[in-house]
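Novice: sequence-free structure coming up:
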């Protein structure tokens, strides 16, 4: 069975997504914890996009807001038998979009909206919605 005709690509996309989330967690915790006078569980409310600590924290929180829906959709797609090629492709689109979002959030300090990272956020959301539609079709 080829890589694209099985759920192997989907599994690797899920793995990559989870790995990205764990990296974000370590970066956020490490950057915050390295600050003088850091208090566990509290972010200085005066911080904004000019602060890497703020951007790392927001990147991680943004992923926490997006990952549960995509993970649920990904597993549902596998359980209901969505075409493995489409499932793998859409999961990888999400994974790459989240990685690009992370990279842009870490490197670009801007208060502008939309910012370049916003486009990759949207790409990830659209990938999730399309996969969810595929799930609905597979259920009927």
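Specialist: Happy to help now that I have it. None of the values given here were measured: they were computed from a predicted structure. Numbers count the residues shown, from 1 in each chain.

Novice: Tell me where this structure has helices.
Specialist: Using DSSP state H, the helices of the chain run over 8-33, 52-80, 84-107, 116-139.

Novice: hey, which of those helices is tucked in deepest?
Specialist: Mean neighbour count (mean count of other C-beta atoms under 10 Å) peaks for helix 84-107 among the helices of the chain, with a mean of 21. All C-beta spots, glycine's among them, are computed from the backbone N, C-alpha and C.

Novice: that older thread, quick one: closest of the helices of the chain to residue 45.
Specialist: Comparison of the helices of the chain against residue 45 by C-beta to C-beta identifies helix 52-80 as nearest, at 9.9 Å.

Novice: Any regions of the protein where pLDDT drops low?
Specialist: Across the chain, the ranges flagged by pLDDT under 70 are 1-5, 35, 37-42, 44.

Novice: how much space between the spatially most central residue of it and residue 83?
Specialist: Nearest to the mean C-alpha position of the chain, by C-alpha atoms, centre = their mean, lies residue 98 at 3.8 Å. According to C-beta to C-beta, to the nearest Å, residue 98 stands 22 Å off from residue 83.

Novice: Likewise for residue 23?
Specialist: Distance from residue 23 to residue 83, by C-beta to C-beta: 30 Å.

Novice: go on, residue 117?
Specialist: In this view, residue 117 and residue 83 are 30 Å apart by C-beta to C-beta.

Novice: Repeat that for residue 99.
Specialist: From residue 99 over to residue 83 the distance is 24 Å, taken as C-beta to C-beta.

Novice: same deal with residue 56?
Specialist: To residue 83, residue 56 is 37 Å away according to C-beta to C-beta.
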